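# When you get a sec, could you give me coordinates for this:
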Amino acid sequence: MSRESDDVTARIRERLNALRARMRREAILDEAVSRMAVRENIRPEEAVRHLSRLAGLSGMELLDLAATIEPAPPPPTRPPVPGWVFAVLQALHVSAAYLVPVTDDDDRPVDFVIAAVNEQVRDVTGRGAIELTGERLLQACPGVVKSGLLEAYFRVLLEGRPVKLDPVEYVEVRDRQLWPASLTVRAVPLHEGVLASWRALDEDERLISRWDRAQREAELGWAEWTLATGRTYWTAQLYGIFGRDPADGPMPLEELPGAVADADMALVDELMSTLLVHGEAADAEFRIRQRYGVRQVRTVSEPVLDDTGTPVLVRMLVQDITRGRRRERALSAAHAQAITQRRRAEEEQRVAHRLQDAIQPGRRGALDLPGVRVAMRYLPAEDVVRLGGDWFKARRLPDDRVLVAIGDAMGHGLAAVGLMAQMRFGLAGLAYTKADAAQLATWLNDLIYHNSETVTATGTAVIGHFDPGSRLLTWTSAGHLPPLLVRDGMAALLEPPPGLMLGALESVAYELTTTQLHAGDMLFLYTDGVVERRDKDLDAGLKALLEAADDCPRDDPEEAIACVLDRIGLDTHDDVCLLALRIR
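Numbering: from 1, shown residues only. All right, here's what the predicted structure looks like:
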């Protein structure tokens with residue numbers, strides 16, 4: 001093997017190990033969530049929030065806390081099961097279980113007890129009747145959560161209608177390991193519960209299912225025409241390609257030209273001549289007319305010959321390449337615009353900065369608010385590729401409190417600017433609900449979490465309310481750097497309450513903390529561009545900021561900011577955002 005091959009192999013191995021580590025982490029969390037849900041008699045989504053709160057209160061990492069959650073003991077008694085239910089179970093030839101709902105104090109179903117099973121029952125890990133009977137479904141089979149089966153069973157119970165799921169990509173979690181399987185699942189309401197049955201697809205069925213899926217994704221169809229009898233076979237995907245109603249049956253070979261665009265008729269004539277006259281395989285590309293418009297197709301065809309060389313059968317593989325051809329045309333147009341794009345690249349820097357200005361005006365200057373004078377400095381990265389998502393907010397609220405916040409949307413580029421806009425404008429609207437800072441952080445977390453469609457979007461923030469009457473700052477932190485307080489010539493970092501970064505998990509609860517401020521205090525809020533340097537660790541950057549804040553003037557926040565930035569030195573490979581609050 002070559003050196004290059006060894007390097008690629010090592011990278012693949014490293015990536016596989018990282019994926020396996022992530023899967024193990026997910027297994028631990030999934031199992032802990034199910035165990036917590038059973039222990040507290042709550043639903044899994046509530047168990048996630050409960051675990052997050054416990055992690056915040058204990059100061060433990062979520063994964064470390066999850067590893068400590070032990071299984072709950074089985075229910076002391078089993079719900080009664082009518083004899084005829086056992087008869088129904090035994091009549092089924094696949095794995096089946098009778099599930100009796102478990103409700104919370106509000107009579108809301110939160111789980112099921114596996115009250116009875118048939119002799120054929122096996123879960124995806126191989127456990128049978130002895131291990132499953134009498135167990136809570138969530139704890140015995142945590143995979144029902146992510147696969148959607150638990151919610152499906154709830155619907156069957158509450159709506160009284162059966163469901164059929166085929167196939168279900170199911171991943172069981174057991175002993176912190178993952179057990180994947182493809183299942184067909186049926187569930188019907190029965191007596192006071194749900195009758196669920198399932199069957200794991202064997203390898204042939206899985207291959208067929210994957211092939212059908214591959215045909216749909218690749219937009220492939222298959223046809224076979226028996227020439228002597230006219231018997232024709234089409235796969236389901238081919239009906240979609242030709243826009244033909246399956247009720248009309250497959251199209252006879254001689255009718256194929258009727259679906260072809262007139263301009264491409266010669267191509268089809270040549271194709272049929274090659275197949276039927278010369279008895280040779282051929283491929284062709286032409287356009288067809290169907291009820292949804294014109295489609296571009298590529299065909300690979302072959303005749304099957306008898307002993308005399310006469311074609312007796314024609315097979316054809318058809319692929320809809322309309323989207324591919326459209327992409328090629330789009331690429332060609334993009335290539336033609338390359339020169340224009342290079343010219344526009346010079347404008348992109350200015351456009352990006354103007355966008356930041358529109359979203360976050362007032363990057364310099366001081367603002368007089370009740371009980372406090374606020375100065376701010378916002379310096380975007382010089383390189384547009386490094387354009388970040390730093391933001392701040394300082395505003396008087398109708399009740400005379402002052403909203404003060406600073407945050408950082410993770411990542412760089414216009415995506416980070418877009419997330420920054422969500423965070424800043426979202427907080428601006430939520431602030432008028434009169435909710436405390438912890439609730440604002442929770443709502444902001446939900447906003448980011450549910451607006452992230454394809455990739456995980458996260459950010460950090462410090463959010464607080466300053467009461468000018470009491471000079472009390474009530475604040476919370478969502479994974480952000482701690483504020484810096486200068487009092488009587490001494491600078492110190494405030495201890496933030498524990499809080500996860502925004503958007504990492506759904507429905508996170510945050511804690512409030514209060515800091516009594518005094519007249520003459522100077523409070524600094526900042527983003528990581530202030531303290532992070534390429535050649536230094538974060539602790540060194542924080543130490544430099546503390547020393548600068550110690551030495552700089554404390555009467556005017558605008559002068560203090562200018563002094564601090566001058567002392568620590570600017571490295572504009574990243575955004576720099578700094579707020580100074582002078583308490584009156």
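
# other SSEs contacting the top helix by length along the chain?
Secondary structure of the chain per DSSP state H: the longest helix is helix 3-40. With contacts taken as 3 or more C-beta pairs under 8 Å, 6 or more residues apart in numbering; DSSP states H and E, helix 3-40 sits against helix 44-58, helix 62-66, strand 109-117, helix 137-140, strand 163-174, strand 177-190. Yep, even glycine has a C-beta here, placed from its N, CA and C like the rest.

# With mean pLDDT and distance to residue 76 as extra columns, can I get the ones you listed in TSV?
Output for the helices and strands packed on helix 3-40, formatted as TSV (pLDDT from 0 to 100; distance: least, C-beta to C-beta, whole Å):
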stretch	mean pLDDT	distance to residue 76
helix 44-58	91	22
helix 62-66	89	26
strand 109-117	96	11
helix 137-140	93	15
strand 163-174	85	23
strand 177-190	89	24
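
# Which one of the ones you listed lies nearest to residue 425?
Residue 425 sits nearest to helix 44-58 of all the helices and strands packed on helix 3-40, at 25.5 Å, using C-beta to C-beta.

# Give the buried residues for that closest one.
By 16 or more other C-beta atoms under 10 Å, the buried positions in helix 44-58 come out as 44, 46-52, 54-56.

# What sits closest to residue 458 if chain neighbours are left out?
Counting by C-beta to C-beta, 6 or more residues apart in numbering, residue 503 is the residue found nearest to residue 458 once chain neighbours are left out, at 4.2 Å.

# pLDDT score for that neighbour?
We have a pLDDT of 89 for residue 503.

# and residue 34, how far is that from residue 42?
To residue 42, residue 34 is 11 Å away according to C-beta to C-beta, to the nearest Å.

# So for those two, which residue has more residues nearby?
Set residue 34 next to residue 42 and count neighbours by other C-beta atoms under 10 Å: residue 34 wins out with 28 against 18.

# List the residues that contact that one.
Contact partners of residue 34, counting by C-beta atoms under 8 Å, 6 or more residues apart in numbering, are 44, 47, 138-139, 142, 145, 173.

# Out of the residues you listed, which two sit at the greatest distance?
47 and 173 (13.8 Å).

# hmm, back to that, roughly how far apart are the residue nearest to residue 458 and residue 181?
31 Å.

# Then residue 44?
Distance from residue 44 to residue 181, by C-beta to C-beta: 20 Å.

# of the helices and strands packed on helix 3-40, which approaches residue 30 most closely?
strand 163-174 (4.6 Å).

# I'd like to know which elements the closest one is packed against.
Contacts defined by 3+ C-beta pairs under 8 Å, 6+ apart place strand 163-174 against helix 3-40, helix 149-159, strand 177-190.

# still on that earlier bit, nearest to residue 194, of the buried residues of helix 44-58?
For the buried residues of helix 44-58, the closest approach to residue 194 (C-beta to C-beta) belongs to residue 44, at 17.2 Å.

# Contact partners for that closest one?
By C-beta under 8 Å, 6+ apart, the residues touching residue 44 are 33-34, 37, 138, 145, 150.
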